[in-house]
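Peer 1: Below: sequence and its predicted model.
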Amino acid sequence: MRIRNLETFVKVAERESFHAAAKVLKATQPTVSSRVAALEADLGVSLFRRDQGGTTLTSRGRQLLPYAQRIVGINTEMKAQLKQDLNEAGSVRIGIADTLAQLWVGPLLKKWRSEFPHVEFEVVIDISDNLLQQITRHELDIVLMVVHPESDVLLSEHLCSYPQVWMASNEYIQEKNLASEPLNLWQLSRCSVLSFPRNTQPWKYLDNLFSVMAEDRPMLHTCSSVNHLMNLTEQGLGISLLPEPLAAPLLKQNKLTILHTAQEVSVPNIDFCCGWRVDDERLLPKLLAAAARNVIEQPERAF
């Protein structure tokens with residue numbers, strides 16, 4: 001059960017309106033409805049009744065309201081106290097995966113600077129494997145990276161998940177006769193495949209995907225910069241598997257096109273997490289992670 005969903009429930013109940021609550025929370029009405037629905041699903045009860053007379057609490061909603069108000073109040077007091085304690089927090093070293101940085105580094109820094117005005121931020125942008133090594137060596141305090149297997153060194157919480165799609169330039173599609181869809185594994189293997197660096201999660205997926213091709217396996221040309229990876233794809237040097245939000249601007253400009261694949265080419269989502277060291281007893285990494293989730297989970301952002 002998320003505090004944010006409880007807070008949304010309290011705002012709707014107090015204002016007897018989903019629309020009014022959305023204004024106060026600076027969210028869209030569908031977002032408010034989604035949060036209340038998630039809370040109702042967690043509790044297994046209906047909390048509001050909506051009819052021509054407006055929005056009213058059900059009996060279970062009235063029963064929950066005082067408890068929710070207390071929990072939200074305690075949470076607000078806790079955050080206020082913690083922020084006061086952070087006035088002398090000094091600097092914090094944050095590692096952000098290149099993909100997330102392309103999408104979120106501006107909004108993230110704006111949010112963190114607003115909530116923690118006395119903290120000096122040192123941001124490192126790199127591939128997730130390098131960030132994992134750096135935080136393990138105590139060179140970073142918190143990382144926003146691709147999800148890795150469970151570690152005895154790190155604690156982590158899920159941050160977001162993005163679909164991945166095969167992309168190519170129109171020039172390359174014409175050159176390789178890829179206009180006929182859906183594309184099977186053999187057709188993909190006839191292409192130059194551009195990828196994130198060796199042993200990263202996306203590279204491992206591609207390596208495993210094409211392993212069945214034996215001698216027909218394509219070479220995987222790698223690039224550590226996601227910007228350069230997109231540029232190389234746009235310039236017609238090959239096809240690439242990219243997180244869809246990352247390629248959205250190029251899709252709108254008709255510089256890249258999504259390649260639809262056959263069912264045999266099952267493409268997993270790419271998942272990201274916030275991670276910090278087990279031996280870091282400070283609350284700051286956890287608060288930074290919560291603020292990051294709040295920014296990234298906003299559905300109003302258009303890619």
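Peer 2: That came through fine.

Peer 1: so which helix or strand takes in the most centrally placed residue in the chain?
Peer 2: The chain has residue 160 as the residue nearest its centroid, 2.8 Å off, counting by C-alpha atoms, centre = their mean. Following DSSP states H and E, one finds residue 160 within strand 154-162.

Peer 1: Same question for residue 94.
Peer 2: Under DSSP H and E, the secondary-structure element containing residue 94 is strand 90-97.

Peer 1: same check, this time on residue 122
Peer 2: strand 119-126.

Peer 1: which stretches of this structure form strands?
Peer 2: In the chain, strands defined by DSSP state E lie at 48-51, 54-57, 90-97, 119-126, 142-146, 154-162, 164-168, 193-195, 220-222, 239-243, 257-259, 270-277, listed in chain order.

Peer 1: domains for the chain, by residue range?
Peer 2: Domains of the chain are assigned by automatic domain parsing as 3-85, 90-162+271-296, 164-268.

Peer 1: Who are the packing partners of the lengthiest helix in the chain?
Peer 2: The helix spanning the most residues in the chain, taking DSSP state H as the definition, is helix 59-85. Based on contacts counted as 3 or more C-beta pairs under 8 Å, 6 or more residues apart in numbering; DSSP states H and E, the elements that helix 59-85 packs against are helix 3-15. All C-beta spots, glycine's among them, are computed from the backbone N, C-alpha and C.

Peer 1: Just the CA coordinates for the helix it packs on, please, in PDB.
Peer 2: The C-alpha trace of helix 3-15 is given here as PDB (Å, rounded to 0.1, in the frame of the first residue of the first chain):
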ATOM      1  CA  ILE A   3       1.400   6.500   1.000                       C
ATOM      2  CA  ARG A   4       0.700   8.400  -2.200                       C
ATOM      3  CA  ASN A   5      -2.400   6.500  -2.800                       C
ATOM      4  CA  LEU A   6      -3.600   7.100   0.700                       C
ATOM      5  CA  GLU A   7      -2.900  10.800   0.300                       C
ATOM      6  CA  THR A   8      -4.900  10.900  -2.900                       C
ATOM      7  CA  PHE A   9      -7.800   9.100  -1.200                       C
ATOM      8  CA  VAL A  10      -7.700  11.700   1.600                       C
ATOM      9  CA  LYS A  11      -7.700  14.600  -0.800                       C
ATOM     10  CA  VAL A  12     -10.700  13.200  -2.800                       C
ATOM     11  CA  ALA A  13     -12.600  12.400   0.400                       C
ATOM     12  CA  GLU A  14     -12.000  15.900   1.900                       C
ATOM     13  CA  ARG A  15     -13.000  17.700  -1.300                       C
END
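
Peer 1: which residues touch it?
Peer 2: Helix 3-15 has contacts (C-beta atoms under 8 Å, 6 or more residues apart in numbering) with 18, 20-21, 24-25, 27, 32, 35-36, 38-39, 42, 47-48, 55, 57, 61, 64-65, 68-69, 71-72, 75, 294.
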